[in-house]
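J.: pasting the structure only:
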């Protein structure tokens with residue numbers, strides 16, 4: 001009997017130590033993931049909001065999201081940033097969207113997606129023109145992803161249509177200007193569903209959030 005009790009005590013002690021160790025190791029990656037997500041969030045805010053503003057995180061209620069951001073200048077709100085997501089072909093396409101108080105889209109940054117490689121994943125593709133002499137001379141200036149760039153300047157108060165006239169990065173300047181004047185965007189070849197996911201997120205999430213602010217729904221600074 002004594003030997004049995006000793007074995008039980010040893011096994012319990014091993015289980016406790018093992019459980020404690022698993023808890024520590026699982027909490028560390030979780031904290032790292034949260035830290036990385038926070039850093040990505042802050043980086044995205046810099047992309048989608050104007051320069052020279054004070055960014056204030058706020059908590060919303062009712063028709064507003066739990067968290068959103070206001071860009072303030074001279075004690076007035078000049079723009080807002082919202083997180084939103086639309087269902088793509090194989091994943092949710094998660095976005096940070098900046099929009100001014102008039103409803104003009106200032107910028108979009110993709111926070112996360114798991115779309116089809118080579119198709120839907122191109123929502124984050126940066127189109128570059130590579131030359132042999134780039135390796136010996138001046139490097140190309142970094143650019144933002146062409147797909148999200150085309151949304152800048154569009155009006156959320158108007159319907160955003162998806163055009164199949166060709167991908168934005170391959171269009172001539174006058175063709176791009178025509179799309180923007182018509183409040184249209186170009187689809188990613190072979191990934192219309194991923195394109196539509198972004199448009200749907202804007203129309204069903206971001207626009208209602210902006211409308212709620214216009215209508216004076218409850219908001220307050222986040223703790």
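T.: Right, received. Where do you want to start? In this text, all values refer to a predicted model and were calculated from it rather than measured experimentally.

J.: which intervals of this protein have sub-threshold pLDDT?
T.: Along the chain, the parts satisfying pLDDT under 70 run over 1-28, 128-142, 217-223.

J.: Would you mind splitting it into its domains for me?
T.: Per automatic domain parsing, the domain ranges recorded for the chain read 1-48, 49-221.

J.: need those in TSV with mean neighbour count, can you?
T.: In short, each C-beta sits where N, CA and C put it, glycine included. As requested, these are exported to TSV (neighbours: other C-beta atoms under 10 Å):
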stretch	mean neighbour count
domain 1-48	11
domain 49-221	16
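
J.: Could you list the paired strands of the longest strand along the chain along with their orientation?
T.: As assigned by DSSP state E, the longest strand anywhere in the chain is strand 76-87. Sheet pairing for strand 76-87, assigned by DSSP bridges, gives strand 67-73 (antiparallel), strand 92-100 (antiparallel).

J.: neighbouring contacts of that strand?
T.: Residues from elsewhere that reach strand 76-87 (C-beta atoms under 8 Å, 6 or more residues apart in numbering): 41, 44-45, 48-50, 53, 55, 65, 67-72, 92-101, 106, 111, 196-202, 204-206, 209-210, 213.

J.: ok, now with 7 Å
T.: The contact list for strand 76-87 (C-beta atoms under 7 Å, 6 or more residues apart in numbering) reads 45, 48-50, 53, 65, 68-72, 92-101, 106, 197-198, 200-201, 205-206, 209-210, 213.

J.: swap in stretch 96-103?
T.: With contact meaning C-beta under 7 Å, 6+ apart, stretch 96-103 is reached by 44-45, 48-49, 77-84, 105-109, 111, 155-157, 202, 206, 210.

J.: same check, this time on stretch 42-51
T.: 55, 69, 71, 78-79, 81, 96-98, 106-109, 111.

J.: Present the residues you listed as a markdown table; the columns should include distance to residue 179.
T.: As requested, the contacts of stretch 42-51 are exported to a markdown table (distance: C-beta to C-beta, whole Å):
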| residue | distance to residue 179 |
| --- | --- |
| 55 | 30 |
| 69 | 28 |
| 71 | 26 |
| 78 | 26 |
| 79 | 23 |
| 81 | 24 |
| 96 | 23 |
| 97 | 19 |
| 98 | 20 |
| 106 | 18 |
| 107 | 17 |
| 108 | 15 |
| 109 | 21 |
| 111 | 25 |
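
J.: how long is stretch 149-156 from one end to the other?
T.: Stretch 149-156 has an end-to-end distance of 15 Å (C-alpha to C-alpha, to the nearest Å).

J.: quick one on the thing from earlier: adding distance to residue 37, write the strands paired with strand 76-87 out as CSV.
T.: Putting the strands paired with strand 76-87 into CSV (distance: least, C-beta to C-beta, whole Å) gives the following:
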stretch, distance to residue 37
strand 67-73, 12
strand 92-100, 10
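
J.: so who does the residue nearest the centre of the chain touch?
T.: By C-alpha atoms, centre = their mean, the chain has its centre lying nearest to residue 95, at 2.3 Å. Applying C-beta under 7 Å, 6+ apart to residue 95 gives the contacts 83-85, 108-111, 198, 201.

J.: ok, now with 8 Å
T.: Residue 95 sits next to 83-86, 108-111, 198, 201 when contact means C-beta under 8 Å, 6+ apart.

J.: of the residues you listed, closest to residue 167?
T.: residue 198 (14.2 Å; C-beta to C-beta).

J.: Is the closest one in a helix, a strand, or coil?
T.: Of the three states, residue 198 takes helix under DSSP: H, G, I helix; E, B strand; the rest coil.
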